[in-house]
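Enquirer: Need the 3D shape of this:
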Amino acid sequence: MPEQIEVTLARDWDWEFEVRRTLAAPHELTTVLEPVNSCHSAQLMAIEGLTRSPRVGSKELFARASALGLDVTLELCTLNRLLQRFAAEETEVRLSVNVSPSIVGSTAVQDLFAPWCDRLIIEISEENIVRDPRVLAEAVAPLRAEGAEIALDNAGVGYGGLSMLVALEPEWVKIDRRLVGTTLTSGTSRSIVRNLSTMTHRIGSRVIGVGVEEEAQLEFLIDSDVDCWQGYLEQPFAIHRRAGAIATTLREHPIPPTASFVIQLADSASLAVGQWIRRGVTSLDDVARVTDGCYEVGWVKFRDLVGVARSN
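Expert: The predicted structure is shown next:
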């Protein structure tokens with residue numbers, strides 16, 4: 001699919017207008033499906049559905065919607081869009097979707113998921129603050145009774161920790177990308193990943209390593225008996241192609257010196273969505289030097305510039 005690069009200024013953004021515009025025109029949301037692959041074969045194990053706004057970062061959009069009391073409406077809207085997209089796919093694997101603990105037991109979610117339960121993995125993030133995980137387990141019980149599976153997302157870095165693992169007894173545990181991303185440089189991260197993998201298997205669940213960006217990270221996950229991986233592994237030719245598209249866009253739409261940051265959206269199978277913090281870029285030469293492989297020249301790290309996929 002051709003690359004589509006959009007540069008958007010984010011200073012003084014009218015967030016209420018943006019949230020309401022999104023709800024009024026949900027067709028503008030981009031729905032993307034990120035594969036969950038087996039670590040031990042070429043088999044596709046599941047697909048995670050993600051939703052991106054064409055103008056702003058999704059995480060910020062949901063945060064602003066929450067402040068306006070519209071987060072439930074926005075979440076139901078995005079879930080419906082993902083199910084519509086999934087319905088058009090010819091695949092037998094399950095669709096994995098992120099759902100907030102506060103609404104997973106609601107009638108609206110139960111009704112929306114009812115026809116799909118036997119093809120869904122419902123992701124509950126460990127980063128969500130859940131006062132009583134047992135109540136959450138009761139909320140998802142009707143969906144599980146109809147065939148839905150549960151995944152504990154962001155494992156290893158969140159608030160819920162072992163209490164959510166015990167209460168939910170999930171079919172899947174997703175090791176957070178912040179741990180996977182530091183396995184090559186941190187002995188502590190490597191130990192945590194190995195222990196999570198061992199513990200997950202002992203309770204009868206499968207484990208997914210999220211945020212794989214390098215072959216060496218995938219090799220480590222395989223050695224640690226992780227079942228599946230999810231992430232972004234880019235070939236050099238595609239990196240340079242995207243770098244050229246970014247440079248062209250910047251020439252056509254110069255960034256004012258007052259810009260606080262920009263957002264780059266690339267519509268491609270690699271799910272290239274990244275947010276870059278502006279750090280004194282003074283010319284396109286600085287951008288070119290980064291896209292050629294420098295790690296920090298004006299912009300943030302090279303992996304963010306080329307568009308590392310960010311799950312949830």
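Enquirer: before we move on, what SS does residue 31 have?
Expert: At residue 31 the chain is in strand, as set by DSSP: H, G, I helix; E, B strand; the rest coil.
Enquirer: mind listing what it touches?
Expert: 49, 50, 51, 52, 81, 82, 84, 85 (CB atoms under 8 Å, 6 or more residues apart in numbering). Placement of C-beta: from N, CA and C, glycine included.
Enquirer: Could you confirm the first one falls within a helix?
Expert: No - when classified by three-state DSSP, residue 49 is found to be strand rather than part of a helix.
Enquirer: pLDDT weak spots in the protein?
Expert: By pLDDT under 70, the low-scoring segments of the chain are 1-13, 158-160, 233-312.
Enquirer: these two touch, right, residue 109 and residue 76?
Expert: Yes - here residue 109 reaches residue 76: they are 7.2 Å apart, a contact under CB atoms under 8 Å.
Enquirer: shared neighbours of the two, anything?
Expert: Shared contacts of residue 109 and residue 76 (CB under 8 Å, 6+ apart): residue 103.
Enquirer: And the two? Which one has more around it.
Expert: residue 109 (21 against 17; other CB atoms under 10 Å).
Enquirer: excluding its backbone neighbours, what's nearest the more buried one?
Expert: Among residues not flanking residue 109 along the chain, residue 103 sits closest, at 5.5 Å (CB to CB, 6 or more residues apart in numbering).
Enquirer: Which pair in the contacts of residue 31 has the greatest spatial separation?
Expert: 52 and 84 (15.3 Å; CB to CB).
Enquirer: Settle it for me: which of these two has more neighbours?
Expert: Taking neighbours as other CB under 10 Å, residue 52 and residue 84 compare with residue 52 leading, 20 against 12.
Enquirer: and the nearest residue to the more buried one once chain neighbours are set aside, how many residues sit next to it?
Expert: Using CB to CB, 6+ apart and skipping the chain neighbours, the partner closest in space to residue 52 is residue 30 (4.4 Å). When counting by other CB under 10 Å, one arrives at 17 neighbours for residue 30.
Enquirer: my read: residue 30 touches residue 49, true?
Expert: No - Residue 30 lies out of contact with residue 49 (CB under 8 Å); the separation is 11.3 Å.
Enquirer: Report the buried residues of the one helix or strand residue 138 maps to.
Expert: Element membership of residue 138 [criterion: DSSP states H and E] is helix 133-145. Within helix 133-145, the residues scored as buried using 16 or more other CB atoms under 10 Å are 133, 136, 137, 139, 140, 143, 144.
Enquirer: What is the most widely separated pair among those?
Expert: Across the buried residues of helix 133-145, the longest distance by CB to CB is 15.9 Å; it joins 133 and 143.
Enquirer: List only those of the contacts of residue 31 flagged as buried.
Expert: Neighbour-count burial (16+ other CB under 10 Å) applied to the contacts of residue 31 gives 49, 50, 51, 52, 81, 82, 85.
Enquirer: now those residues as TSV including distance to residue 194?
Expert: Shown next, in TSV, are the buried ones among the contacts of residue 31 (distance: CB to CB, whole Å):
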residue	distance to residue 194
49	29
50	28
51	33
52	33
81	37
82	33
85	36
